[in-house]
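Engineer: predicted model and sequence follow; I will ask about them next.
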Amino acid sequence: MLTLTVACAACMAAQGVADDPRRLITDRPDFTESPQAVPHGRTQVEGGYTVSREADDEAHTLPELLVRVGLAPRWELRLSPPNAERTGGDGGEWGVTDTAVGFKYEIVRDDDAPCLFSVIGQSSLPTGDDGFASEDPEPEVKLLWSTQLADDIALSGNLNGAWRWSEDGSYFEPAVSVSASFGVTDEVGLYAEYFAFLGSDDRATEAHYLNGGATYQLSPTLQVDVRIGAGINAEADDLFAGVGFGILF
C-alpha cells in the first residue's frame, strides 16, 4: 500500500511570503515538501487523513501529524508522531506506525535568488506495531527546491533518498517529485504533481503517481486542504485521497 509522507503545498508559495512570520506555508498536501522553514520562534502543526486503494485492499491513515518548530533562523525541528493505520479492507486491522524526528535547513532562502533550496534530514524510530512499522530506524535525506515562474505560478520538487529494511536486510529507496502550484486568489491555491518511488533493487517497488489538490487559507495562520491522486503503473496503488489542515502558532 502507498505510504504518503505528509508533504508540501507550494500552492501559496510566492517566494515573497517566505520570510513573513505571520503567514504559514505548509508541507502538505502534496508529496513535494516546501523549502521554507517555519519562522524562528514559531510552531506549526499539520495533519490530515488519507485513504488509499489497491484492487480490493484499502488503507486508512490518520492523523498524519507533523509538528514543526522554528529553532533558529533557517532551522526547524520536525516531529512526526505515530499514525493509526487500518489495512486490509473490511477484514483488516488497525495498527500504529513509527515515530519520526528530523530537521529542515534553508540552504538558499534569498527572495531574489532564482531558486530556493533546503535540505531535510530525518529518521523513523522503531516504535510502532508489528506489521505496521520497521524493526530498525530508517534514515532519509531530502533535497528541496522551488522557483517562481510568475507572480501566481511556482514550480517545486524534491529528490529523496531513504534507507529501508526488509527481511533480507537494508536497501536504498530513492524518490523524486515535481509539483506545479497556482495561486487562484490570495486564499485559494491549486497544484498538480508527479512523484515516484524508484526501485533500486528487487526489494524496492517502483511506483509512479499523479495527483492534484487545493488549499484554502481561512486566515494567515490556518489552512485546510484536499487532494486526490492515482497510480500510473502496475506497482502503484490505484487511487488515494485525503483532507488536512495546517495551523501556525
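Structural biologist: Great, that's in hand.
Engineer: what's around G41, how many residues?
Structural biologist: 11 (other Cβ atoms under 10 Å). For every residue, glycine as well, the C-beta is placed using N, CA and C.
Engineer: now stretch 177-185: buried residues?
Structural biologist: S177, V178, S179, A180, S181, F182, G183 (16 or more other Cβ atoms under 10 Å).
Engineer: what of stretch 64-83?
Structural biologist: Applying 16+ other Cβ under 10 Å to stretch 64-83 flags 64, 66-70, 76-78, 80-83 as buried.
Engineer: relative to G189, how far out is Y216?
Structural biologist: Separation of Y216 from G189 (Cβ to Cβ, to the nearest Å): 8 Å.
Engineer: neighbour count winner among the two?
Structural biologist: More crowded of Y216 and G189, by other Cβ under 10 Å: G189, with 25 against 16.
Engineer: my guess is Q122 meets D98, correct?
Structural biologist: No - Q122 is not in contact with D98 according to Cβ atoms under 8 Å; the separation is 11.3 Å.
Engineer: and the closest residue to T50 other than its chain neighbours, helix, strand or coil?
Structural biologist: Distances taken as Cβ to Cβ, 6 or more residues apart in numbering place G242 nearest to T50, at 3.8 Å, with adjacent residues excluded. For G242, the assignment made with DSSP: H, G, I helix; E, B strand; the rest coil gives strand.
Engineer: what sits against G242?
Structural biologist: L4, P29, G48, Y49, T50, V51, E64, V226, R227, I228 (Cβ atoms under 8 Å, 6 or more residues apart in numbering).
Engineer: what stretches of this structure score poorly on pLDDT?
Structural biologist: For the chain, the stretches with pLDDT under 70 are 1-22, 89-91, 200-204.
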